[in-house]
Structures are given as C-alpha cells and as structure tokens.
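Q: pasting the sequence and the predicted coordinates here, then a few questions.
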Amino acid sequence: MATAGAQRGLVRAHGWARPKLSMSQREAIDGFICISPWLLGLLVFTLGPFVVSFVLSFFRWNMIRPPVFVGVANYRELFTDQFVRYATKATVYYAGLSVPAGLLGGLAVALLMNLNLRGQSIYRTLIYSPAVVSGVATAMLWIWLLDAEAGLINSALRTIGIRGPAWLADERWAVPSLVLVNLWGVGGGMLVLLGALQNVPTTLYDAAKVDGAGAFRRFWHVTVPMISPILLFNLVTGFIGAMQAFTNAYVMTSGGPHYATMFYVLYLYRSAFVDFRMGYASALAWLLFIIIMALTLVILRSSTVWVYYEGLRVGTARRRGG
C-alpha cells in the first residue's frame, strides 16, 4: 500500500498522469474497433492474396510440388501465348458491346421509371429484381431461353416468320448473346441513375422551358450534365465488371464455340484450376490488373471534358483551383 501511495505521489508531483483523450480521438478509436472485423477481412482475404499472387507470379507451382523460382519467365510467356490474344480480343469485344449497351439501357429505363405513373413502384421492383438473382441461376435460365430449337426466343421469332440464330452455338452470336444476358440485369445501374435523375433541380428545367428549349435540348443540356458524375461511376464500374466477365461465359458456353467467349478471366481460371499453373495464372491476373488500371485512368482522364460538378466542368474547376 505504501508503495502504491508513493507512486501516486510521484505521478502528482511530476505530472505523469495518464493523458486524457479528446472526444474526436475516442470516437476514432471506437470507430476502428467497430470496423476491425472488416479490416481483418481486408487484410486476410484481399491484401494478403494480392501480395501473395504478385510473389507467386515469379514462380512455377502446380500446388503439389514446391514452388520453383523462374523470374520473369511467366510474364514473357504472356506475350507469346496465343490464348492470351484470343482471350484479350474476346474480352475487349464483349466490353465494347456490353458497357455502352448497359449504360444506355440503364439510362433509358431510369428515364421511364422517373415518370409519374400509377404503379411505378411495382415497375421499379420488377426491373430491379433480376439484378439480385444469382448469376448461375440467371445463366441456366438464359440457356433455355436461347436454345436454338426449343428456346422461347426462337419459338417467338418463328411465329412471325423469322428463323432465329443458334445464339450460344454460333461463333458470331455467342458474345452478343452474353451481352443480351447482361442487359437483363440493367436494373442495378437503373437504380443509381434514377436517384441522380430525382436530384436534378426542377428550377433548371423551368428555366430551360422559359428559354424555349424543347424536350431533347433539356435532356442534353440539363439532364445529362447534372447526372454526368453518376454516368462516370456507372461507366467505370461497368467497364471493370465487363473486363472481369466470367460466370455467364463459364456456365453458358465454357469458352466456345471456337474460343469466341474465352474471356480473360475464364482463361485465367483454366490456367489455375485446370492446368494447375498457379504462377502463370498469377501473372495473367497482374496483366489484367495493369490493363484495367490503365484504361480506367484513361476514362477518368477523359472525364475532365464531359463530367460536371455543381454546374462546373471538372477541367474548368481545376483551372480555377476548385
């Protein structure tokens, strides 16, 4: 007891009391404690594999024998592998079709869902519901719909005298078929764009009407600039998703016919879990990361021309120091 009293006396004499935390510091500590499970998951399931895959890309490993260091041999092989060219070509083709189609389709549906009609909430729910359905379940449904003989789509076309294509079995129609399947889930993009449309100030439309602007001019000069940040968001996320397309191609076509739908991630999956070339698959993943990063930066750079924030173009705001 005497020792404890002496220690307290020294603390009071020399000002060694425990420092008091401010309110903001206590809130920060509480916040980190609350998000610690997420931070742990990020470290274990995202950042950890991220680093491991980079290290593994310099090794040859089939998951049975110990890894063997091969330097940059895996990266050199990327530029001589013909399947990398097939996969990149198919993925870029798919992204070039699906991203604009998804963006324009989502905007068109959002404009319709923004109208003041009876039962609008029901329509919005029905259009959004496919976006929450499992990808495999959606793929199985569309395999039946796109069947060349018994499919519902070709059956409907035959009733009006049109012979439908083989869809998934035709090399020319395989990728457009997957784009069509992707459009079925346009409700996700629609929901974000609908929120942007409902936040456009009505005073801008009133001012445009007073100036004599028609419906198209109001849409082009008021609606599009005001929702352009959301258009940019949907463009970037849609592009990243298209470059990582996998589920529909794997379930519906398995990369065929004639490698028409051998998308990049599908080839990466086969390299890792069919050929058991984990090091080469890691190198493929890092090449895809670089491609996506570079093209995303190009998109973001182009946004200085067409994206507006609070009535100012991004490039104008930067020049003014905003």
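A: Structure's in. What do you need? Residues are numbered from 1 along each chain as shown.

Q: could you list the buried residues of the longest helix seen in the chain?
A: Ranked by residue count under DSSP state H, the longest helix found in the chain is helix 82-113. Buried residues in helix 82-113, defined by neighbour count with 16 or more other CB atoms under 10 Å: 84, 86-88, 90-95, 97-99, 101-103, 105-107, 109-110, 113. For glycine as for every other residue, the C-beta is placed from the backbone atoms N, C-alpha and C.

Q: would you map the strands across the stretch 151-300 of the chain?
A: For the stretch 151-300 of the chain, no strands turn up when DSSP state E, counting those that start in this stretch is the criterion.

Q: distance of the residue lying closest to residue 83 once chain neighbours are set aside from residue 238?
A: Closest residue to residue 83 apart from its sequence neighbours, by CB to CB, 6 or more residues apart in numbering: residue 267 at 5.7 Å. Residue 267 sits 21 Å away from residue 238, going by CB to CB, to the nearest Å.

Q: before we move on, the earlier item: give the burial count for the residue nearest to residue 83, as a bare number.
A: 24 (other CB atoms under 10 Å).

Q: next one: the one 5 residues further on
A: By other CB under 10 Å, 18 other residues sit near residue 272.

Q: give the contact list for the residue nearest to it when sequence neighbours are not counted.
A: Spatially, and ignoring its direct neighbours in sequence, residue 272 is nearest to residue 281 (3.6 Å; CB to CB, 6+ apart). Contact partners of residue 281, counting by CB atoms under 8 Å, 6 or more residues apart in numbering, are 268, 269, 271, 272.

Q: from these, which two are the most distant?
A: 269 and 271 (7.3 Å; CB to CB).

Q: these two: which has the busier surroundings?
A: residue 271 (23 against 17).

Q: grab the nearest non-local neighbour of the more buried one.
A: Residue 271's closest residue in space is residue 281 (CB to CB, 6+ apart), at 4.3 Å.

Q: so how far is residue 193 from that neighbour?
A: 36 Å.

Q: let me know the next secondary structure element after the longest helix of the chain.
A: Tracing the chain past helix 82-113, the next element assigned as helix or strand by DSSP states H and E is helix 120-128.

Q: how about that following helix: buried residues?
A: Buried, per 16+ other CB under 10 Å, within helix 120-128: 124, 127, 128.

Q: against which helices or strands is that helix packed?
A: helix 82-113, helix 187-198 (3 or more CB pairs under 8 Å, 6 or more residues apart in numbering; DSSP states H and E).

Q: what is the last one packed up against?
A: The helices and strands touching helix 187-198, judged by 3+ CB pairs under 8 Å, 6+ apart, are helix 82-113, helix 120-128, helix 224-243.

Q: so what's the residue nearest to residue 83 up against?
A: Per CB under 8 Å, 6+ apart, neighbours of residue 267: 83, 84, 86, 87, 255, 284.
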